[in-house]
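Participant: Quick one, what's the 3D model for this:
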Amino acid sequence: MATGRLVDVYLDLLSQPCRAVHILLTCTNIPHRVHTVALRKGENRTPEFTKLNPMQKVPVMVDNSFVLTESDAILKYLAMTCDIPEHWYPRQLEQRARVDEYTAWHHTNTRPKAAKVFILEVLLPMQFRAQVDEVRLKRALSELEDMLDKLESMFLRRQPFLCGDDITVADLLAVCELMQPLGGGRDILKDRPQLQRWKSRVQSAVGESFDEAHAVLFGVRDRRRARL
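Facilitator: Numbering: from 1, shown residues only. So this is what the prediction gives:
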């Protein structure tokens, strides 16, 4: 990235992928400017944002005139084009392939399984002023537990991070998804010491960026607790 250039990012920090992008930008000190797009207010459907991303989704990154959508692509682009430590997205082919292996798995496993619990427990009841559908929630939690079993056995195993001995963009995508049910007061890692230790390592690696990115989610949790 050229000296003095700012990356523009369009984010809603209640969005898990947006938080992953935000953490990478802040913990590695990549020069950037954040434009907040409040999904709950429909700001992603404005003509201006739709022109930027016709899919009307966040995150979006603009580097000079280059527009990129999808968190996975954005994280890897930043890791490859900015002066940050190589471990985020390794150059060594097999190590990089491990990151790609997880991120490919992530989009049909970690992401939908954790998000569904938050949607059922928080978003749908808020949107429709209705009670939680306990039958659907129980099924979603069962599917989530099965996914967490696989996450531990297939990826974490006995290594400190999902793809090896150091943190990568894969860990950011995963941890932000697994934090999401906390918005409903549900800690899905409380009975999983292996994943708890991994989460602590991720937090230590990224420092204050972790809590900064999750402040909005913690606010949702606290407001929900106050109403109960």
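
Participant: Pull out the buried residues from whatever helix or strand residue 33 lives in.
Facilitator: Residue 33 belongs to strand 32-36 when assigned by DSSP states H and E. In terms of neighbour count (16 or more other C-beta atoms under 10 Å), strand 32-36 has its buried residues at 32, 34. The way it works is simple: take the backbone N, C-alpha and C, and place the C-beta from them, glycine included.

Participant: Check stretch 217-228 too.
Facilitator: 217, 220, 221, 224.

Participant: Same list (the residues you listed) but as JSON lines, adding distance to residue 55 and pLDDT.
Facilitator: Output for those, formatted as JSON lines (distance: C-beta to C-beta, whole Å; pLDDT from 0 to 100):
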{"residue": "217", "distance to residue 55": "23", "pLDDT": "97"}
{"residue": "220", "distance to residue 55": "24", "pLDDT": "93"}
{"residue": "221", "distance to residue 55": "28", "pLDDT": "93"}
{"residue": "224", "distance to residue 55": "29", "pLDDT": "84"}
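
Participant: Name the nearest of the residues you listed relative to residue 26.
Facilitator: residue 217 (15.8 Å; C-beta to C-beta).

Participant: Excluding chain neighbours, what is closest to that closest one?
Facilitator: In this structure, residue 217 finds its nearest non-sequential neighbour in residue 183, 5.1 Å apart by C-beta to C-beta, 6 or more residues apart in numbering.

Participant: Tell me how many other residues crowd the one you found.
Facilitator: 23 (other C-beta atoms under 10 Å).

Participant: which helices and strands does the strand or helix carrying residue 141 pack with?
Facilitator: Following DSSP H and E, the helix or strand that holds residue 141 is helix 134-150. On a contact count with 3 or more C-beta pairs under 8 Å, 6 or more residues apart in numbering; DSSP states H and E, helix 134-150 meets helix 110-118.

Participant: any idea of the mean pLDDT for the helix it packs on?
Facilitator: For helix 110-118, mean pLDDT rounds to 98.

Participant: how far out from the middle of the chain is that helix?
Facilitator: Mean C-alpha position of helix 110-118 versus that of the full chain (C-alpha atoms, centre = their mean, to the nearest Å) differs by 11 Å.

Participant: just stretch 124-141 next, same as before
Facilitator: That offset, for stretch 124-141, works out to 22 Å (C-alpha atoms, centre = their mean).

Participant: Touching that stretch from outside, list them.
Facilitator: Outside stretch 124-141, the residues that touch it by C-beta atoms under 8 Å, 6 or more residues apart in numbering are 113, 116, 117, 120, 121.

Participant: Show me how this protein divides into domains.
Facilitator: Listed domain ranges for the chain are 7-88, 93-207 (source: automatic domain parsing).
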